[in-house]
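In: sequence-free structure coming up:
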Ligand SMILES: [Zn+2]
Ligand SMILES: [Zn+2]
């Protein structure tokens, strides 16, 4: 089968290769992949800025149809089932984190697409416990963005505790910021302030409004502080959701959270560390909630909301391309001119 492979360590070393299809073991299923989304992580793997163990098939944001079922899981899965699934391959299932429903941060996890053969491939062989049935009526275009939608559910609901009526600042208007906006809007939070830079103004800010933002702020042109203080009676937001991974946004965000407010952090930063106004965190008794990846509970939340939010989610798919065009897809993501690009593995 054709697959996009990181075939050697170092920068680049990514290309389409012919690789074997692995038949499922007793507890596994074989999935014919429909779409696999390009994620920021894939760009980092290509650039060798994210841990990976080549040769490895890349891709982790997948949806598809089951075409073979291991003998141990035939009571749950059948050929023809439409599915999406988690990327927590290698999670041990027995440590305290796994048993608490947190395989996404298990020490043994070998994430799909970086340390375990992933889904930029015609077929994907996967432990069945990672798979979720797709609710009826969800189009593939929407199914293909379930993974980031689950991450944003974890971030906004499970770690953010965001509730109706709370004011919220979302810094960053790429996939994570836009999906956080969907959840904030769905939960009845408001005002929802989305901040970004000049590169977001043309395409992403109109999308932020479509996702439910009350206002968008280009921090290069406008004072975000003035906007936030204006809309919150001068006290700052109840909740700040950091999706940009920008040092400047991080420093400023802490200043814009109200006393006893909450900072929810999902944007990974490029360098190893960034300075933050430490004492401000303490003086204001700000709660910090770090977020990473998507536990099974967040997949349930995402799938339960997916049909109602399908119109919004579909708008976040900017392009669908065949595997041969992967380089252009990666380049579009790097230029920031798109939100999500899906690779059609059947094209
Ligand atoms: Zn991803
Ligand atoms: Zn574990």
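Out: Cool, the structure landed. Everything numeric in this text was worked out from a predicted model, so none of it was measured. Ligands and ions are numbered 1, 2, ... in the order given.
In: quick one, what contacts the residue lying closest to residue 309 once chain neighbours are set aside?
Out: Nearest residue to residue 309, sequence neighbours excluded (CB to CB, 6 or more residues apart in numbering): residue 182, at 5.6 Å. To be clear about C-beta, it is placed using only N, CA and C from the backbone, and glycine gets the same treatment. Residue 182 makes contacts with 149, 152, 211, 212, 309, 312, 313, as judged by CB atoms under 8 Å, 6 or more residues apart in numbering.
In: likewise for residue 332?
Out: 318, 319, 338, 341.
In: do the same with residue 123
Out: Each residue near residue 123 by CB under 8 Å, 6+ apart is listed here: 1, 21, 30, 31, 32, 33, 67.
In: before we move on, back to that, let's have the contacts of residue 332 in TSV, adding pLDDT.
Out: Rendered in TSV, the data for the contacts of residue 332 read as follows (pLDDT from 0 to 100):
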residue	pLDDT
318	97
319	97
338	91
341	98
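In: of the contacts of residue 123, just the buried ones, PyMOL syntax please.
Out: Buried residues among the contacts of residue 123 (16 or more other CB atoms under 10 Å), as a PyMOL selection:
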select buried, resi 21+30+31+32+33
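In: now residue 244: how far from residue 328?
Out: Look at residue 244 and residue 328: by CB to CB, to the nearest Å, they are 25 Å apart.
In: show me which of the contacts of residue 332 is closest to ligand 2.
Out: residue 341 (32.0 Å; CB to the ion).
In: what's the burial count for the closest one?
Out: Residue 341 has 22 neighbouring residues, counting by other CB atoms under 10 Å.
In: residue 56 reaches residue 121, doesn't it?
Out: No: in this structure residue 56 lies outside contact range of residue 121 using CB atoms under 8 Å: 10.8 Å.
In: neighbour count winner among the two?
Out: residue 121 (27 against 20).
In: part of a helix, is residue 17?
Out: No: assigned with DSSP: H, G, I helix; E, B strand; the rest coil, residue 17 falls outside any helix and is strand.
In: residues in contact with it?
Out: By CB under 8 Å, 6+ apart, the contact set of residue 17 is 2, 3, 4, 5, 7.
In: could you tell me which of the contacts of residue 182 count as buried?
Out: Using 16+ other CB under 10 Å as the burial test, these include 149, 152, 211, 212, 309, 312, 313 as buried.
In: domain ranges for this protein?
Out: Domain ranges of the chain: 2-147+294-344, 161-290, per automatic domain parsing.
In: so for the shortest one, mean pLDDT?
Out: In this case it means domain 161-290. Summarised as a single mean, pLDDT over domain 161-290 is 97.
In: pull the number of nearby residues for the residue of the stretch 201-347 of the chain found nearest ligand 1.
Out: Taking CB to the ion, ligand 1 has its nearest neighbour within the stretch 201-347 of the chain at residue 293, 8.5 Å off. Residue 293: 21 surrounding residues under other CB under 10 Å.
In: now swap in residue 64 and tell me
Out: By other CB under 10 Å, 29 other residues sit near residue 64.
In: which strands border the helix or strand containing it, and is each parallel or antiparallel?
Out: In the assignment (DSSP states H and E), residue 64 maps to strand 61-69. Strand 61-69 sits in its sheet next to strand 28-38 (antiparallel), strand 82-85 (antiparallel), going by DSSP bridges.
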